[in-house]
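Engineer: quick one, structure for this:
(chains A and B)
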Number of protein chains: 2
Amino acid sequence: MRQERTAFEPVYKQIFPFWEELPDTDKDYLCTHSRTVTYPRGKIVQDGSGCAGVILVQRGSLRLYMMSDEGKDITLYRLQAGDTCMLSASCVLEAITFEVFLDAEEDSVCHVISAAAFEAVSGRNPVVKIFALEMAVRRFSDVMWVMQQILFMSMDRRLAIFLLDESARTGSDTITLTHARIARYMGSAREVVSRMLKYFAEEKMVEVSRKGIRILDRQRLCKTGRV
Amino acid sequence: MRQERTAFEPVYKQIFPFWEELPDTDKDYLCTHSRTVTYPRGKIVQDGSGCAGVILVQRGSLRLYMMSDEGKDITLYRLQAGDTCMLSASCVLEAITFEVFLDAEEDSVCHVISAAAFEAVSGRNPVVKIFALEMAVRRFSDVMWVMQQILFMSMDRRLAIFLLDESARTGSDTITLTHARIARYMGSAREVVSRMLKYFAEEKMVEVSRKGIRILDRQRLCKTGRV
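Structural biologist: Numbers count the residues shown, from 1 in each chain, chains lettered A, B, ... in the order given. Okay, the predicted model is just below:
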């Protein structure tokens, strides 16, 4: 067995439900067109028009976002260890005509399969194509949720949900992001976030200090977020 | 040949690229589980949680939109004669977890394939499943465009694009929609639309009267919309 096959197959076997249905030649082909890449924190993995390939996050965290002509961005979702990004191989899925950006939020280690190789294998194996499209449609659902949040929810509810999510994600009661960064994630303005945090602090739901935002009254925050 | 087959096959042959690859039994199956439905203008075709089936618009126009808890809605896209709606069969595509609403904007005639029948056939024929997923992903691209418009574009640009689109769609220089309706389509407020139209009128790009909004300076409107 080829050396690359030994390196990548254990991961691919777990992530790809179609793995055992592939002929051996295609398993080899995907593995020989894979590489392990380390992205330092802050690194731009894909800049909109690019097609970085199919990315399997092994360690760290990537952020997928869309960007306006003026450079304003909106976070669509994040990829953690174990997640697979198909939109970074949008050139494989012709039906995708929009551009997404990806950057590393933390130092991240990923396996990357070349888009061309994945495309070739998905052309030969309908199960692979179906998997890729289903992944994309699932993300469609995530994005619709973000959109619903941004368009329809009042700011207090959105901020409460954001703080609870972030606390769950980091396993800490204290959120150490700056107000500007929170605003960027939420597609809002720093002033709006600061004003709402001040209100939350007055209501004793959070405590805002130089160390960050500490959740004091989780129950009330949940009620505000209606979660 | 069954009677239903004769009724629906000519349309399905044109719309579905996979039609000739289907076994005769599945062609029959889809046709016997199809019906022709007339939706009067204003009729709600699907109310979020429903799964109306795969809808092929033959005449008229359907509007697909999402709705907040408070009843505010945002138009995602419209379906015209010749268009197929797969999101109305979201129960077929497990990966879709969000709710969409559909209503008839005009008196509309549609062929509707039962979601269960379509699901059964797509389970037996990967080409059908791939088609359904690709349709959904293509709509994903449309929705991302709407989202980009709403989140990132300034109001003057969005309104200019809306007026030009509407004029192209109806083949008329006069847009007869009310300001409130335009606002609803654009996910904005009536006051904002009226204020911007007043500005466009002052700039002699449009003329606003009881008859509607008439485009006077198409070139400048295109420039404002950057199209």
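
Engineer: quick one, what contacts A:Leu133?
Structural biologist: A:Leu133 makes contact with A:Leu93, A:Ala95, B:Ile130, B:Leu133, B:Glu134, B:Ala136, B:Val137, according to Cβ atoms under 8 Å, 6 or more residues apart in numbering or on different chains. (Glycine included, C-beta is placed from N, CA and C.)

Engineer: neighbour-wise, which of these leads?
Structural biologist: Highest neighbour count within the contacts of A:Leu133: B:Leu133, with 27 neighbours (other Cβ atoms under 10 Å in any protein chain shown).

Engineer: who does the helix or strand harbouring A:Val57 pair up with?
Structural biologist: Under the criterion DSSP states H and E, the helix or strand holding A:Val57 is strand A:54-59. Listed by DSSP bridges, the sheet partners of strand A:54-59 and their directions read strand A:84-85 (antiparallel), strand A:108-113 (antiparallel).

Engineer: which residues in chain A form helices?
Structural biologist: Ranges of helices within chain A are A:3-15, A:24-32, A:115-124, A:126-152, A:155-170, A:179-186, A:190-202, A:218-225, based on DSSP state H.

Engineer: show me what the fifth one is in contact with.
Structural biologist: With Cβ under 8 Å, 6+ apart as the contact definition, helix A:155-170 has outside contacts at A:149-150, A:173, A:175, A:177, A:182, A:185-186, A:188, A:192-193, A:196-197, A:199-200, A:205-206, A:213, A:215, A:218, A:221-222, A:224-227.

Engineer: quick revisit: looking at the helices of chain A, which is closest to B:Glu20?
Structural biologist: helix A:126-152 (16.9 Å; Cβ to Cβ).

Engineer: tally of neighbours for the closest residue to A:Pro17 other than its chain neighbours?
Structural biologist: The shortest distance from A:Pro17 to any non-neighbouring residue, by Cβ to Cβ, 6 or more residues apart in numbering or on different chains, is to A:Phe131 (6.5 Å). A:Phe131 is surrounded by 20 other residues when neighbours are defined as other Cβ under 10 Å.

Engineer: buried sites along stretch A:163-181?
Structural biologist: Within stretch A:163-181, the residues that qualify as buried are A:Leu163, A:Leu164, A:Glu166, A:Ser167, A:Ile175, A:Leu177, A:His179, counting by 16 or more other Cβ atoms under 10 Å in any protein chain shown.

Engineer: A:Phe101 is in contact with A:Lys43, isn't it?
Structural biologist: No - with contact defined as Cβ atoms under 8 Å, A:Phe101 and A:Lys43 do not form a contacting pair (11.9 Å).

Engineer: in terms of neighbours, single out the busier of these two.
Structural biologist: When A:Phe101 and A:Lys43 are compared on other Cβ under 10 Å, the one with more neighbours turns out to be A:Phe101, at 19 against 15.

Engineer: how much space between that one and A:Pro23?
Structural biologist: In this view, A:Phe101 and A:Pro23 are 35 Å apart by Cβ to Cβ, to the nearest Å.

Engineer: cool, A:Ser141 as well?
Structural biologist: With distances defined as Cβ to Cβ, the gap from A:Ser141 to A:Pro23 amounts to 32 Å.

Engineer: which of these two has more neighbours?
Structural biologist: Set side by side, A:Ser141 and A:Pro23 show more neighbours around A:Ser141, with 15 against 11, by other Cβ under 10 Å.
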